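Peer 1: How does the following fold in three dimensions:
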Amino acid sequence: MSVSTHVLDTSRGLPAFGVNVLLTDPTGDTVAAITDLDGRARLAETPLLVGNYQLVFAIAEYFALTRTPTFYPEVTVAFTVTDGAAHHHVPLLISPYAYSTYRGS
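Peer 2: Residues are numbered from 1 along each chain as shown. A predicted model of the protein is given here:
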């Protein structure tokens, strides 16, 4: 039914505002979004195709805005949709030298 994300900058303890995010669906179609002031972005609002998806987060661009050196230019999160009617929330925790993700609710 939908794909959303929430990006948090754990090095600053704040939402990551202004992160460019690109969602690629199983057909290769893409949707772009930018995280809002709360670090959130909605990327798909319609029934999803079953298959493999990819989220690409432009991390270096975000850290450049805060003049913070970073090791990772981008973070790619691949995930599989098995129920196209379900909501898929993919949070990302970032810092200049680490990141982690999980399936949210």
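
Peer 1: got the contact list for L65?
Peer 2: G18 (Cβ atoms under 8 Å, 6 or more residues apart in numbering). C-betas here are computed from N, CA, C, even on glycine.

Peer 1: what about it, distance to V90?
Peer 2: With distances taken as Cβ to Cβ, to the nearest Å, L65 is found 22 Å from V90.

Peer 1: And for G18?
Peer 2: Counting by Cβ to Cβ, the gap between G18 and V90 amounts to 18 Å.

Peer 1: Between these two, point out the one with more neighbours.
Peer 2: With neighbours defined as other Cβ atoms under 10 Å, G18 and V90 compare such that V90 has more, 21 against 16.

Peer 1: Go through the helix or strand encompassing the more buried one and flag the buried ones.
Peer 2: Taking DSSP states H and E as the definition, one finds V90 inside strand 87-95. Within strand 87-95, the residues that count as buried by 16 or more other Cβ atoms under 10 Å are H88, H89, V90, P91, L92, L93, I94, S95.

Peer 1: I'd like the average pLDDT over that strand.
Peer 2: Confidence for strand 87-95, expressed as mean pLDDT, is 97.

Peer 1: So what touches the very next helix or strand once past it?
Peer 2: The element immediately downstream of strand 87-95 (helix or strand, assigned by DSSP H and E) is strand 98-101. For strand 98-101, the external contacting residues (Cβ under 8 Å, 6+ apart) are I59, Y72, V75, V77, V90, P91, L92, L93.
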